[in-house]
Structures are given as structure tokens and as C-alpha cells.
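Q: Quick one: sequence and predicted model below, then my questions.
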Amino acid sequence: MYPKHEVEEILFAEFISVTGGVLAGLGLTFFIDKIIAQPGLFILLPGLLAMRGDISGTMAARLGSALHRHKLNPKLTHGKIIRDNSIASLLLSLFDGIALGLVAFIATKLIFGISNPAIITISVISAVISAIFMIPLTTSAVFWLFKRGIDPDDVMGPYVTTIGDIIMIASLYLAVSVI
Amino acid sequence: MIERHIWKILRESIGILIIASAISSLGGIGLEALRTKIALLVPIIILLPALNDMIGDFGAIIASRFTTMLYEKEIKEKKWWTEPELHHLFFVVLGIAVLAAIYVAILAYFIAMLKGFPFDMIMAQKVMLVSIITTMLLVFILFLVSTIGGFYVYRKKHDPDNYLIPLATALADFGSMITLSAMVMFMF
């Protein structure tokens, strides 16, 4: 059932993915004092990290399917489908950012008795900044892989979660610095 | 005005996206309760995103492999715990998970040392244990949930992929943060 090469493929993809995760963790240590100063940020963090994989991962899957079904021309990295997907991903990031900010705000208020409305702004800014960087990166990666005969469905999952973590931590740093 | 295609993507994605993100975030409550303690544990902070991702990835692998086995009729629900194919899946994923957990703990501690965190054998062993135990426990829970949930969904004639992958990844995010917090609380 599990040929040796398949186990090796999972191991290799996982080692690349966790190495990226460790780099994202290293990024966190550079502004840990700012994280401690914002009650609720530790509640926000896992949701923000999951968000990029969820939104960019599904966008990559939709674009990959459109390429496979010849609804997208691999030579044209712009057009209606890409534009619609980009706008939808940006809007999803915005709405998810608002929802996550509210979850963190309410949980911090109810469980720890601390009211920190700034956490909602931090969540929205991080979500939107990371989307602005991730959308073009995801689109170009899907096209680049497809043109080289690599199925984006096989590769984009670990790629999106790894790059997404690093970009999200950088966006969070920017948001926390602005607030 | 939002165009029809954009509206369709928003309508189909927004609900599950917000639920999945919210479940992931609730796992952070444990971290929030220990935030001053965790802030001092540099290797654990470095470990956080990697562990979160890694367990989510294993959740997706278990769920999708289990669904394929169901469709290919390689396993039966009756006495499923005796099925050799399931044993094989469990031990392969567990083996890879433990190797990845050891690797990530060593890497996190090494990077923490480069940042000036002192080397302490006991502390290094604790970081390693936190990584391995959190990973093993979550792989076990994800396997149970995927198996029991998968058979249930399959019996209802729905596609288990549509339910198990979002469920497994959300549970992995939530569970890994809660387990990590509990381990930090008891061990440090």
C-alpha cells in the first residue's frame, strides 16, 4: 500500500513544510514583547495561521482545476477567472479577519476579563496585508508549476501553508507595530 | 456590485472558513492563559507554527487515505480495528510524525540557541518530549475521529472527504494548541 517512494515523498514534503514553520516561529520571537503587550494575540494566532492555508489553498485548487479543465490559458496570468478569484480571496480574508478578531476579542473579554478592541484591528490588518502578498504569489506559483508539467494539486498544499505562515507572521508584525 | 462568480465563491466558502478559523483560534485560549510563561520559552515559540502545520498536514493525510480505502473497499466497518490496512496506515503516519516531531524540536532548539537561549539538557529534553507527545497524541486522536466519523459519513452515503478533511485540520489546530499548552503547564 505504501511504496517506499511514497513514504519518502511525504517525509520530504513534511520536512520542507516544518522547516518553513520553524522560520515563521523564529519571526515570532522578534516581536514577542509586542505579542505579550496585546491580550488576545495568542488566541488570534492559530486562526490567522490556519486562514492563509484555507483561503490560498482553496484558491490554488480552483485555479488548478480551471487549468486542468482548459478554462484558463496557462500562457495568460490575467483574465476574468483570475481576477474573480483574487477579489473573492481578498474579500474572504477581510471577512475572516473580522470574524477572527471578534472571536479573540470576545474570548479575551469573557475568559480573561480583559477588553482589548485593538485585537480586531490587528486581525483585519494582518489578514488583508497577507492576502495582498499571497494572492499574486499563489497565482504565479500555480501557473509556474502547471507550465512545467507539475500538478499544482500535489505541491500547492505544503507550499501555501509554509509561505503563508511566514507572510502571515510578517503581516502580524506590521499590524502590531502600526497599532 | 459583486459579480456572480465572486458571489458564488464567497457564499460557498465563508461559512466553513469562519467556523474552521474560529475552532483553530479557540485552541489559542490555552496559550493565552500561559502567555507570560510561553514568552520566556523561546524554543516553544519557534515550535508553535511548525507543530500547528505539521499536525494539520497529518490530519489531512489520514482523512484522505482513509476515504480512499473506504471507496476501494479495502476495509470493513465491522471490527475495523483488526484491519491490517488500517494498522499499516496508522503506523506509517505515526512513524513519519515522530521523525518530523524530533526534527522540528531539534531545529527549534538550535535556532533558539542561535538567538541566545542557553543550552540546558533538561530543557532540551522537555522541548523534545512536548513535541513528540503532542504529535503522537494528536495523530492517535485524528486517526480515531477520522475512522469513526468516516464510517458514519460513508454509511449516510456522503463523501467523507468533504467532511473529514475540514474536521481533521480544524481538530488538529485546536488539539495541538490545547495539548501543547497543557504540556507546557505541567512540564515547565
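A: Good, I have the coordinates. No experiment lies behind these values; they were computed from the predicted model shown.
Q: Off-centre distance for stretch A:26-39?
A: 19 Å (C-alpha atoms, centre = their mean, to the nearest Å).
Q: Span of that stretch from start to end?
A: Across stretch A:26-39, the terminal residues are separated by 21 Å (C-alpha to C-alpha, to the nearest Å).
Q: got a list of contacts for that stretch?
A: A:41-42, A:108, A:112, A:114, A:116, A:118-119, A:122, A:166, A:169-170, A:173, A:176-177, A:179, B:32, B:35-36, B:39, B:42, B:45-46, B:48-49, B:111-112, B:115 (C-beta atoms under 8 Å, 6 or more residues apart in numbering or on different chains). Quick note: C-beta positions are derived from backbone N, CA and C, even for glycine.
Q: cool, stretch A:83-97 as well?
A: Residues outside stretch A:83-97 that contact it (C-beta under 8 Å, 6+ apart) are A:51, A:54-56, A:59, A:62-63, A:123-128, A:130-132, A:134-136, A:138-139, B:3, B:5-6, B:9-10, B:13-14, B:17-18, B:21.
Q: what do you get for stretch A:119-132?
A: Under C-beta under 8 Å, 6+ apart, the answer for stretch A:119-132 is A:38-41, A:44, A:48, A:51-52, A:55, A:89-90, A:93-94, A:96-98, A:100-102, A:104-105, A:108, A:164, A:167-168, A:170-172, A:174-176, A:178-179.
Q: Could you list the buried residues of that stretch?
A: A:119, A:120, A:122, A:123, A:124, A:125, A:126, A:127, A:129, A:130, A:131 (16 or more other C-beta atoms under 10 Å in any protein chain shown).
Q: In helices, which of those residues fall?
A: Among these, DSSP state H puts A:119, A:120, A:122, A:123, A:124, A:125, A:126, A:127, A:129, A:130, A:131 in helices.
Q: one step back: want to throw the buried residues of stretch A:119-132 into TSV with distance to residue B:96 and pLDDT?
A: Shown next, in TSV, are the buried residues of stretch A:119-132 (distance: C-beta to C-beta, whole Å; pLDDT from 0 to 100):
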residue	distance to residue B:96	pLDDT
A:119	36	96
A:120	39	96
A:122	35	96
A:123	33	97
A:124	37	97
A:125	37	97
A:126	31	97
A:127	32	96
A:129	34	96
A:130	29	96
A:131	32	96
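Q: Tell me which two of those sit farthest apart.
A: By the measure C-beta to C-beta, A:119 and A:131 form the most distant pair in those, at 18.6 Å.
Q: Off-centre distance for the helix ranked longest in chain B?
A: Ranked by number of residues, the top helix in chain B under DSSP H is helix B:121-155. Offset of helix B:121-155 from its chain centre (C-alpha atoms, centre = their mean): 7 Å.
Q: Can you tell me which helices and strands it packs against?
A: Where contact means 3 or more C-beta pairs under 8 Å, 6 or more residues apart in numbering or on different chains; DSSP states H and E, helix B:121-155 is packed against helix B:42-71, helix B:84-114, helix B:160-187.
Q: Out of those, which gets nearest to residue B:153?
A: That would be helix B:160-187 among these, by C-beta to C-beta, at 4.6 Å.
Q: Give me the most central residue, chain A.
A: Central residue of chain A (C-alpha atoms, centre = their mean): residue A:52, 1.7 Å from the mean position.
Q: show me what contacts that one?
A: Per C-beta under 8 Å, 6+ apart, neighbours of residue A:52: A:130, A:134, A:160, A:161, A:164, A:165, A:167, A:168.
Q: For residue A:54, see how far away the fourth one is.
A: Pointing back at residue A:161 there. Distance of residue A:161 to residue A:54, given as C-beta to C-beta, to the nearest Å: 10 Å.
Q: What lies in contact with stretch B:65-75?
A: For stretch B:65-75, using C-beta under 8 Å, 6+ apart, the contacting residues are B:83, B:85-86, B:89, B:93, B:146-147, B:150-151, B:154, B:159-161, B:164.
Q: Check which residues of it are buried.
A: B:65, B:66, B:67, B:69, B:70, B:75.
Q: now swap in stretch A:29-46 and tell me
A: In stretch A:29-46, counting by 16+ other C-beta under 10 Å, buried: A:29, A:31, A:34-35, A:38-46.
Q: Mind checking which of the residues you listed are in helices?
A: Those of those lying in helices (DSSP H): A:29, A:34, A:35, A:41, A:42, A:43, A:44, A:45, A:46.
Q: The residues you listed into TSV, with extra columns for pLDDT?
A: TSV is the format used below for those (pLDDT from 0 to 100):
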residue	pLDDT
A:29	92
A:34	89
A:35	88
A:41	93
A:42	92
A:43	93
A:44	93
A:45	91
A:46	90
